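**Student:** sequence first, predicted model second:
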Amino acid sequence: DAGVIQSPRHEVTEMGQEVTLRCKPISGHDYLFWYRQTMMRGLELLIYFNNNVPIDDSGMPEDRFSAKMPNASFSTLKIQPSEPRDSAVYFCASSNVPGQGGPEAFFGQGTRLTVV
Amino acid sequence: GQNIDQPTEMTATEGAIVQINCTYQTSGFNGLFWYQQHAGEAPTFLSYNVLDGLEEKGRFSSFLSRSKGYSYLLLKELQMKDSASYLCAWRGNAGNMLTFGGGTRLMVKP
């Protein structure tokens, strides 16, 4: 498997614009996670899905953030409208159901978002 | 991260041994993870402990004490390529999500 695939790798956008980040999890993984990483706050969980269903979105900072998982092989994280404080690296990760395969989550290479 | 603490930075010498500590507080616990993250790259999995004791994997070992809410990552025979951030994370009983600490940036010097 190619691992977790994210696109784009880098995104520079102007304040107020809509941003869509994409993720393809590892085939067969039932869990998908969206994390955000900044120097100040470290790695924070935004939302996670189990079998395509959002389970916990308490980490989503504001209504400007939304995430979807229309099928087992694709998820999006959307920010509308974007603000400079949204600048961060956004990681997608996927994992097996506990007890099936290894316990660890595998991370994609991340999307570095800069909002100017 | 909330309820999980680790030192911000550490420095060690090539060939030496270094121990990175992590303390956590959680009401429901289902595993402690260590990840390595090189600058500009994704976190990669190093180790996992769910029971008390030491897990050894080559030059890296990880220890867990659930009663003390304490773990450490031990790196032996340090190499320059070990310079990276090391992230401690716990998994709770609800769901499969990880809560990460702020990471410890390790600098290995010649």
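**Tutor:** Nice, I can see it.
**Student:** tell me where chain B has strands.
**Tutor:** Using DSSP state E, the strands assigned to chain B run over residues B:4-5, B:9-13, B:18-24, B:32-37, B:44-49, B:53-57, B:60-65, B:70-75, B:84-91, B:98-100, B:104-109.
**Student:** got a markdown table for those, with mean pLDDT and distance to chain A too?
**Tutor:** (Each C-beta comes from the backbone N, C-alpha and C, glycine too.) Putting the strands of chain B into a markdown table (pLDDT from 0 to 100; distance: least, Cβ to the nearest Cβ, whole Å) gives the following:
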| stretch | mean pLDDT | distance to chain A |
| --- | --- | --- |
| strand B:4-5 | 93 | 10 |
| strand B:9-13 | 97 | 13 |
| strand B:18-24 | 97 | 13 |
| strand B:32-37 | 96 | 7 |
| strand B:44-49 | 94 | 4 |
| strand B:53-57 | 94 | 12 |
| strand B:60-65 | 97 | 12 |
| strand B:70-75 | 98 | 15 |
| strand B:84-91 | 96 | 7 |
| strand B:98-100 | 92 | 4 |
| strand B:104-109 | 98 | 11 |
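**Student:** nearest to A:Pro81, of those?
**Tutor:** strand B:98-100 (28.0 Å; Cβ to Cβ).
**Student:** quick one: strands adjacent to the closest one?
**Tutor:** Paired neighbours of strand B:98-100 in the sheet (DSSP bridges): strand B:84-91 (antiparallel).
**Student:** residues in contact with the strand it pairs with?
**Tutor:** Strand B:84-91 is contacted by residues A:43, A:103, B:1, B:4, B:6, B:20, B:22, B:24, B:26, B:29-39, B:43, B:46, B:71, B:73, B:97-101, B:103-106 when judged by Cβ atoms under 8 Å, 6 or more residues apart in numbering or on different chains.
**Student:** quick one on the thing from earlier: could you dump the strands of chain B into TSV and include mean neighbour count?
**Tutor:** Output for the strands of chain B, formatted as TSV (neighbours: other Cβ atoms under 10 Å in any protein chain shown):
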stretch	mean neighbour count
strand B:4-5	19
strand B:9-13	13
strand B:18-24	19
strand B:32-37	24
strand B:44-49	17
strand B:53-57	12
strand B:60-65	19
strand B:70-75	20
strand B:84-91	24
strand B:98-100	23
strand B:104-109	17
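**Student:** residue contacts, the residue nearest in space to the middle of chain A?
**Tutor:** The residue lying closest to the centre of chain A (Cα atoms, centre = their mean) is A:Trp34, at 2.9 Å. When contacts are counted by Cβ under 8 Å, 6+ apart, A:Trp34 touches A:23, A:45-48, A:67, A:75, A:77, A:90-92.
**Student:** restricted to strands, list the residues you listed.
**Tutor:** The members of the contacts of A:Trp34 that map onto strands under DSSP E are A:23, A:45-48, A:67, A:75, A:77, A:90-92.
**Student:** so who does the closest residue to B:Gly69 other than its chain neighbours touch?
**Tutor:** Once flanking residues are discounted, B:Gly69 sits nearest to B:Tyr24: 5.1 Å by Cβ to Cβ, 6 or more residues apart in numbering or on different chains. Taking Cβ under 8 Å, 6+ apart, we find B:Tyr24 in contact with B:3-5, B:32, B:69-71, B:88, B:90, B:101.
**Student:** what's the residue nearest to A:Ala72 when sequence neighbours are not counted in contact with, if anything?
**Tutor:** Leaving out its chain neighbours, the residue that sits closest to A:Ala72 by Cβ to Cβ, 6+ apart is A:Asn52, at 6.0 Å. Each residue near A:Asn52 by Cβ under 8 Å, 6+ apart is listed here: A:69-72.
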